[in-house]
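# Sequence unavailable; structure follows:
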């Protein structure tokens, strides 16, 4: 009996929950999630394809948008298997290693999202502050280095989080509050001291999302200062208009992320349904809406989409 209990502690099976309180309309919820994932994957896939294939879009702004589409595809595909498994097939069990792997990729791609949004803020600042040297400052080589830096930061920063969780015994409840594995949820389950895990998780949040959001705010302070110093009102409005899509993407990303983080840390008495809905909004809404926003607000992407589909037609 003793060895068996030890084995179950070392290799627990986690149980996913769907959205508590909506079990009676599970078929409708399942259909909604299928549609949302299809829109997210298709939308970001099309944006990625258009930018890669159309030579007129090989510019810094669109290359960063390409990176954003890749990271959002990563987030969507990381959560898709377990979410659809829970809602379509009632597959609610997952092993420790699979759960930790999913957690790693979700947080890794989310961190890349934040880094790309910061890079896009830098892109807008350079385009408005120093438009004549825009392409000489943001060369393809420098953009590649920025992209590699964003990816390496997330990849390396999340590895200790994974290892710190892997060493802990899980002998309490192994029921997860979401249909996927998230670090704030997992560190509540071990029957051991998780102070180091909580501290490192907070460090990761501050060094990625906290630092990135602060730098984005500072970038827009400098952008506003530059724009307000322009003599032409028309030029001022035109400059600000180039930032609208990025501002929408930042608001869509950071608002639910901050809400979810506050809910996990301070909202212990919130209803499970509220926490689950906030987590799904955080991981699903930005990948769905960002391709739509950029397609609507960016004339060059609309033209490239028209060229792409007219070629397909013939």
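Sure, I can see it. On a predicted model such as this, the values are computed, not experimentally measured, just so you know.
# wait, what's in contact with the spatially most central residue of the chain?
In the chain, the centroid-proximal residue (Cα atoms, centre = their mean) is residue 110; its distance is 3.4 Å. For residue 110, the contact set (Cβ atoms under 8 Å, 6 or more residues apart in numbering) comprises 71, 75, 257, 283. (Each C-beta comes from the backbone N, C-alpha and C, glycine too.)
# how many neighbours does the nearest residue to residue 257 once chain neighbours are set aside have?
Sequence neighbours aside, residue 282 is the residue nearest to residue 257 in space, at 5.4 Å (criterion: Cβ to Cβ, 6 or more residues apart in numbering). Counted with other Cβ atoms under 10 Å, residues neighbouring residue 282 total 23.
# mean confidence for the helix or strand hosting residue 282?
Using DSSP states H and E, residue 282 maps to helix 272-297. The average pLDDT for helix 272-297 rounds to 84.
# Over to stretch 127-134?
Per-residue pLDDT over stretch 127-134 has a mean of 92.
# buried ones in that stretch?
Buried residues in stretch 127-134, counted by 16 or more other Cβ atoms under 10 Å: 127-129, 134.
# got any ranges where the stretch 201-314 of the chain has weak pLDDT?
Applying pLDDT under 70 to the stretch 201-314 of the chain picks out residues 231, 263-272, 312-314.
# re earlier: helices or strands next to the helix holding residue 282 in the packing?
In terms of contacts (3 or more Cβ pairs under 8 Å, 6 or more residues apart in numbering; DSSP states H and E), helix 272-297 is packed against helix 26-53, helix 60-89, helix 96-129, helix 244-266, helix 299-313.
# Which among those helices is found nearest to residue 192?
helix 96-129 (14.3 Å; Cβ to Cβ).
# buried ones in the helix or strand following that closest one?
The helix or strand immediately downstream of helix 96-129 is helix 134-137, counting by DSSP H and E. Buried residues in helix 134-137, counting neighbours by 16+ other Cβ under 10 Å, are found at residue 134.
# Measure how the helix or strand just after helix 134-137 sits relative to helix 96-129, angle-wise.
Using DSSP H and E, the helix or strand that follows helix 134-137 in sequence is helix 140-166. Here the directions of helix 140-166 and helix 96-129 differ by 150 degrees (axes from the mean of the first three to the mean of the last three Cα atoms, to 10 degrees).
# now for helix 140-166, which elements pack on it?
Using 3+ Cβ pairs under 8 Å, 6+ apart, helix 140-166 sits against helix 60-89, helix 96-129, helix 183-186, helix 195-205.
# rerun at 7 Å
On a contact count with 3 or more Cβ pairs under 7 Å, 6 or more residues apart in numbering; DSSP states H and E, helix 140-166 meets helix 60-89, helix 96-129, helix 195-205.
# Tell me the buried residues in that helix?
Applying 16+ other Cβ under 10 Å to helix 140-166 flags 143, 146-147, 150-151, 153-154, 157-158, 161, 164-165 as buried.
# Contacts only, for the nearest residue to residue 105 once chain neighbours are set aside.
Nearest in space to residue 105, with sequence neighbours left out and distances taken as Cβ to Cβ, 6+ apart, is residue 78 at 4.2 Å. Residues near residue 78 by Cβ atoms under 7 Å, 6 or more residues apart in numbering: 102, 105-106, 109.
# sorry, back to before: widest-spaced pair of the contacts of residue 110?
The largest separation in the contacts of residue 110, counting by Cβ to Cβ, is between 71 and 257 at 13.6 Å.
# Looking only at neighbour counts, state which of these two leads.
Legend: neighbour count by other Cβ under 10 Å for residue 71 and residue 257, higher for residue 71 (25 against 21).
# Would you confirm that the more buried one contacts residue 114?
No: using Cβ atoms under 7 Å, residue 71 is not in contact with residue 114; the gap is 8.9 Å.
# how many other residues sit next to residue 183?
Residues lying near residue 183 (other Cβ under 10 Å) number 23.
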